[in-house]
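In: sequence first, then the predicted structure, then my questions.
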Amino acid sequence: MKRYGIVHPLVLSFYSPSLYRDVAEHWTGVGFLYLLLLLALSWVPPILRFHHSTAALLETLGPAVLEQVPTISIRHGEVSIQESQPYVITVPGSDTPLMVVDTSGQITPENSQAFVLLMKHQVVVRRNPHETRTYDLSGVQDLTVDRATVERLLNAGKRWLAVLAYPVALTASYIYRILQALLYAAVGILFANLFRASLEYAVLLRLTCIALTPAVVADTVRGILDLDSGLAWWSGCLLISMGYLLFAVRANSPVEPAQSEPLSGASPG
């Protein structure tokens, strides 16, 4: 009979052999649902931090940027503004222009480092120092962007940017962790042979998802404490995950005593 529920590994994965035996013997599936729960919880602190930092940044720099925003009209794919050009919008404290509007052709993507370059019929977005994306405006028939429009966008960003970032971050990390679990479970086959544990790959995959918990929790705490995450850190997380996977396999080996420790507040079912 299944002894532990889906929330118990959040704590018991750190020390409990009986949890890993229960996962192997009585749980079903490959553990991806638990992995999703783990990551959904682990992303809450960084997303809250992201929300506070971006809201504070927009609150601080927003007014200074708003003062520079001209009225931009796009009619039948052609950009126009009343101000003299090139027109540059800057962010206080940054040497790189936030946006340049130039319909005269004086400024080109090659001689501009602006994050956004708005030309007569195109807009160029710089994704990084070496990559830009160009979008044609021929499909835009009638659009006006002014200071009020940008202010509404900034206010919406302060409220919703973190909300929109959460599912993107969760999905990306979920895919990464699934691939990681698939690879680690293959290593688990070697551990199973070492301890003469009769564990199928699907069971090893389920155990791996649980064994990833300590490393994920440690990485979440690292983010909360704002510590660096270099190669040494990621190597440490790898060793932690491998160590707990070895612990999980050994808990299900014939040489491991079949004993169970009491769980405070747990009930069978």
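Out: Here it is on my side, so go on. Being a predicted model, the structure only gives us computed values, none of them experimental.

In: when you work out contacts or count neighbours from here on, use the C-alpha atoms and nothing else.
Out: OK.

In: quick one: what helix or strand has the residue sitting nearest the centre point of the chain in it?
Out: In the chain, the centroid-proximal residue (Cα atoms, centre = their mean) is A169; its distance is 2.7 Å. For A169, the element it lies in under DSSP states H and E is helix 147-194.

In: what helices and strands are in contact with that helix?
Out: helix 32-42, helix 44-66, helix 201-211, helix 231-251 (3 or more Cα pairs under 8 Å, 6 or more residues apart in numbering; DSSP states H and E).

In: run through the residues that contact the residue nearest to the centre of the chain.
Out: By Cα atoms under 8 Å, 6 or more residues apart in numbering, the contact set of A169 is W43.

In: ok, so what distance separates it from L183?
Out: 21 Å (Cα to Cα, to the nearest Å).

In: what does R152 give?
Out: R152 is 46 Å from L183, by Cα to Cα.

In: looking at the two, which is more packed in?
Out: With neighbours defined as other Cα atoms under 10 Å, R152 and L183 compare such that L183 has more, 13 against 10.

In: mind checking how far the more buried one is from L245?
Out: Taken as Cα to Cα, the span from L183 to L245 is 12 Å.

In: on that earlier part again, deepest-packed of the helices and strands packed on helix 147-194, please.
Out: helix 201-211 (a mean of 25; mean count of other Cα atoms under 10 Å).

In: for the next helix or strand after it, which positions count as buried?
Out: Sequence-wise, the next helix or strand downstream of helix 201-211 (DSSP H and E) is helix 213-224. Across helix 213-224, burial judged by 16 or more other Cα atoms under 10 Å covers 213-217, 219-220, 223.
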